[in-house]
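**Student:** From the sequence below, what's the structure:
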Amino acid sequence: MAAHPPVTARPTPQTDLATAADGGDGVPMAVAPPGAAARSTDDRTPTSGYRALAASLRPHRRAGLAGALLGLAGSTLGLAQPLAAKRLIETLETGRTTVTPVLVLAALLVGTSVLCALGQYVLHRTAEDVVCSARRRITRRLLRLTVPELDRHEPGDLITRATSDTMLLRQAAIQSTAPAVTGAVVLVMTVVLMGLLDVVLLSVTLLVIALLGAVVAAAAPAIGRATRQAQESVGEIGAVLERSLGAVRAVKAAGAEQHETQVLERMAQDARRTGVRAAGWQALSAAASAVAGQTAFLAVLGVGGARVASGAIDVSTLVAFLLYLFALAPQISRLVDAVGQFQIGGAAALRIEAVQHMDTETAADASLASTTRTAQRPQQPPATVRFEDVGFRYHPRLPAVHHQVSFTVPAGGVTALVGPSGAGKTTLFSLIERFYVPDTGRILLDGRDLQRWPLADLRAAISYVEQDAPVLSGTLRHNLTLGVEDTPDEELHEALRRTRLESLVARLPQGLDTLVGHRGSRLSGGERQRVAIARALLRRPRLLLLDEATSQLDADNEAALRETVMEAARTTTVLVVAHRLSTVTTADRIVIMKAGRVQAVGTHAELMKTDALYRHLATTQMLTAKPGQAEKDR
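**Tutor:** Numbering: from 1, shown residues only. Modelled structure (predicted):
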């Protein structure tokens, strides 16, 4: 049976039917172009990057304000330097001692440097706090997203939001927000002091600044648009790369390295184009700033020289004004850079904020999970499961997976689900786990509707072994005790014995603390399945869901694991999906499914007599399949 559908963009009314196909067992398999998710826009996403950036910075406003004030204090001392220089020149003209003016000027230089350095340190530290908070917030949210929500987004794009997008917040905090505040204040103070020195020279300077402001105002929206497109392109690259690396063996076996490389190269070119466009607008702003500074200097020098020659002002005033102009130019450049960085940070904050508007499972339920899933809790009685007229489809415009499915799984024993591929067997497990919600009907656990169960309590009562038996990167011990980290060693070793993993642990260089590689790449398929079964047993479930859990085992290990499952069935309700009927002929009851409906329920002997489909499946397998051969029909 097929695994869950690849994570893709939310289908649109024009494309959802064209981009979805049956991936087996009623699970839709999307075939949308790579990176489609990164280009989609969720209508719940806030539209203002400024508001999103402000929301990200708001919890750190005090520390940011402290850094800005330190920088402002340093800049204020810097504004006193031209006046001190003017005083020094006047002292030199009168022939008096210059010790005091020199000491004052030196003190101002040192004080400016120290305060500005402290301000930069505080701002950098605050920026790291902003990044850390954003990453904690987004990772907490990502792991609580509903399965349908995850189906609508590429994992690589979501990972990019937690990594590269959060880094852009750091740049925004350092290079936009604080410089914008301090720069604006210092600019006003500088302009006031320049006005006190000479109004005519100030008028010339302000005219040049006004022209620069017009250029920056025109460029800012373009910078924002180009930056958002660049970040979306980066998200697309992450999505495609995650897809390719996640199935790297299939890519290599198909000889598709060149094709996947070309896809990534095209996306890299797209990211380059949008990045160059954003850089072009930023360069235009920077060039305008530089030209404005040079133009202002030449204009002030020419007009100021004429005024000195006419006696309207003295040389010391012109020197002081030029020094203020030199101090003003960097502030203008910072403000121009801040506008660009604010656009970049706003685009990144908008993508991060979008995650906060995605559907998640109940937060209250999630907070209980760590206390509910423990190995110390006593074994609970086996659960009963009842399906009542359940209907389900993955999307309103896709065919229904289930049609009025009704059957009962009594407490204890083994119940098997069999039938052709596409019958909807695996999807039933997803409904029991509440990954999805039925469109019609209801599912009851111990007579209680699943929707009325606290999610953590529900999943604590269930262990689910998927067909592909996913293994996380990390140690073997971590994978075995996932969700039950406080498992006693004796229980862990007992689970290893029951699943025949003792020999594996014995030959691993670090035993249980050996790293298993990305997705368990250092383990065989059968070893991964046994690890998944051991993990499920350690949780002491009331309901054990096995989806072709022994399909990759040899006959000897399969027989041993079958005995383990039968032993577990004495204290646990076991519901198993199987295509290979030899694995379920001894089940207490077998449910036959076809085209999303329950066709028959009974034992192996009963169904052989009464159900033509089951008899056909059994006869075909027993007559044409070699003993122990794993049928790969899903």
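**Student:** The stretch 251-400 of the chain: strands as residue ranges?
**Tutor:** Along the stretch 251-400 of the chain, counting by DSSP state E, counting those that start in this stretch, strands occupy 385-392.
**Student:** where does it dip in pLDDT?
**Tutor:** The model of the stretch 251-400 of the chain has pLDDT under 70 over residues 252-254, 362-379.
**Student:** Okay, helices next: where are they in it?
**Tutor:** Secondary structure of the stretch 251-400 of the chain (DSSP state H, counting those that start in this stretch): helices at 257-310, 315-356, 363-372.
**Student:** distance between the second one and the chain's centre?
**Tutor:** Helix 315-356 has its C-alpha centroid displaced from the chain centroid by 31 Å (CA atoms, centre = their mean, to the nearest Å).
**Student:** so that helix versus helix 257-310, what angle?
**Tutor:** 150 degrees (axes from the mean of the first three to the mean of the last three CA atoms, to 10 degrees).
**Student:** For helix 315-356, name the packing helices and strands.
**Tutor:** helix 49-57, helix 61-94, helix 99-142, helix 155-162, helix 164-172, helix 178-197, helix 199-246, helix 257-310 (3 or more CB pairs under 8 Å, 6 or more residues apart in numbering; DSSP states H and E). C-betas here are computed from N, CA, C, even on glycine.
**Student:** Most tightly packed of the ones you listed?
**Tutor:** helix 155-162 (a mean of 23; mean count of other CB atoms under 10 Å).
**Student:** Report the rounded mean pLDDT for it.
**Tutor:** Average pLDDT, helix 155-162: 82.
**Student:** what angle sits between it and helix 199-246?
**Tutor:** Between helix 155-162 and helix 199-246, the angle comes out at 150 degrees (the same axes, to 10 degrees).
**Student:** in the stretch 501-634 of the chain, which segments are predicted with low confidence?
**Tutor:** Within the stretch 501-634 of the chain, the ranges that satisfy pLDDT under 70 run 622-634.
**Student:** Tell me where it has strands.
**Tutor:** So, for the stretch 501-634 of the chain - with DSSP E, counting those that start in this stretch - the strands run 543-547, 573-577, 589-594, 597-602.
**Student:** Could you dump these into a markdown table with distance to residue 315 and mean neighbour count added?
**Tutor:** Shown next, in a markdown table, are these (distance: least, CB to CB, whole Å; neighbours: other CB atoms under 10 Å):
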| stretch | distance to residue 315 | mean neighbour count |
| --- | --- | --- |
| strand 543-547 | 88 | 26 |
| strand 573-577 | 92 | 25 |
| strand 589-594 | 97 | 22 |
| strand 597-602 | 98 | 17 |
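**Student:** Of all the ones you listed, which one is nearest residue 285?
**Tutor:** Residue 285 sits nearest to strand 543-547 of all the strands of the stretch 501-634 of the chain, at 56.9 Å, using CB to CB.
**Student:** which residues sit against that closest one?
**Tutor:** Strand 543-547 has contacts (CB atoms under 8 Å, 6 or more residues apart in numbering) with 1, 382-383, 385, 425-426, 429, 432-433, 445, 461-467, 533, 536-537, 565, 568, 572-577.
**Student:** Kindly report the same for stretch 613-623.
**Tutor:** So stretch 613-623 is contacted by 418-419, 580-582, 590, 592, 594, 599-600, 604, 607-608, 631 (CB under 8 Å, 6+ apart).
**Student:** Just the ones of the contacts of strand 543-547 in helices?
**Tutor:** 425, 426, 429, 432, 533, 536, 537, 565, 568 (DSSP state H).
**Student:** Farthest pair within those?
**Tutor:** 425 and 537 (22.0 Å).
**Student:** Tell me which of the strands of the stretch 501-634 of the chain sits nearest to residue 272.
**Tutor:** So among the strands of the stretch 501-634 of the chain, strand 543-547 is nearest, using CB to CB, at 43.4 Å.
**Student:** hang on, the earlier thing: out of the ones in helices among the contacts of strand 543-547, which end up buried?
**Tutor:** Among the ones in helices among the contacts of strand 543-547, those classed as buried by 16 or more other CB atoms under 10 Å are 425, 426, 429, 432, 533, 536, 537, 565, 568.
**Student:** can you put those in JSON lines and add distance to residue 512?
**Tutor:** Compiled in JSON lines, these are given as follows (distance: CB to CB, whole Å):
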{"residue": "425", "distance to residue 512": "34"}
{"residue": "426", "distance to residue 512": "31"}
{"residue": "429", "distance to residue 512": "29"}
{"residue": "432", "distance to residue 512": "31"}
{"residue": "533", "distance to residue 512": "16"}
{"residue": "536", "distance to residue 512": "17"}
{"residue": "537", "distance to residue 512": "16"}
{"residue": "565", "distance to residue 512": "23"}
{"residue": "568", "distance to residue 512": "22"}
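**Student:** Help me confirm that residue 463 comes into contact with residue 537.
**Tutor:** Yes: the pair residue 463 / residue 537 is scored as a contact, 7.3 Å apart, by CB atoms under 8 Å.
**Student:** quick revisit: kindly indicate which of the buried ones among the ones in helices among the contacts of strand 543-547 lies nearest residue 88.
**Tutor:** The shortest approach to residue 88 among these belongs to residue 536, at 81.6 Å (CB to CB).
**Student:** Skip the chain neighbours and tell me the closest residue to the closest one.
**Tutor:** Among residues not flanking residue 536 along the chain, residue 463 sits closest, at 3.5 Å (CB to CB, 6 or more residues apart in numbering).
**Student:** so how far is residue 416 from that neighbour?
**Tutor:** Distance, residue 463 to residue 416, using CB to CB, to the nearest Å: 17 Å.
**Student:** what do you get for residue 57?
**Tutor:** To residue 416, residue 57 is 56 Å away according to CB to CB.
**Student:** Could you do residue 436 as well?
**Tutor:** According to CB to CB, residue 436 and residue 416 sit 22 Å apart.
**Student:** Settle it for me: which of those two has more neighbours?
**Tutor:** residue 416 (23 against 18; other CB atoms under 10 Å).
**Student:** so who does that one touch?
**Tutor:** Residue 416 makes contact with 575, 576, 577, 578, 584, 587, 589, 590, 591, according to CB under 8 Å, 6+ apart.
**Student:** thought the fifth one was touching residue 419?
**Tutor:** No: with contacts counted by CB under 8 Å, residue 584 stays clear of residue 419, the gap being 11.6 Å.
**Student:** residues in contact with the most far-flung residue of the chain relative to its centre?
**Tutor:** Distance from the C-alpha centroid of the chain peaks at residue 95, with 69.3 Å (CA atoms, centre = their mean). If a contact means CB under 8 Å, 6+ apart, then residue 95 has no contacts.
**Student:** swap in residue 389?
**Tutor:** So residue 389 contacts 404, 405, 406, 440, 441, 442 (CB under 8 Å, 6+ apart).
**Student:** All set now, cheers.
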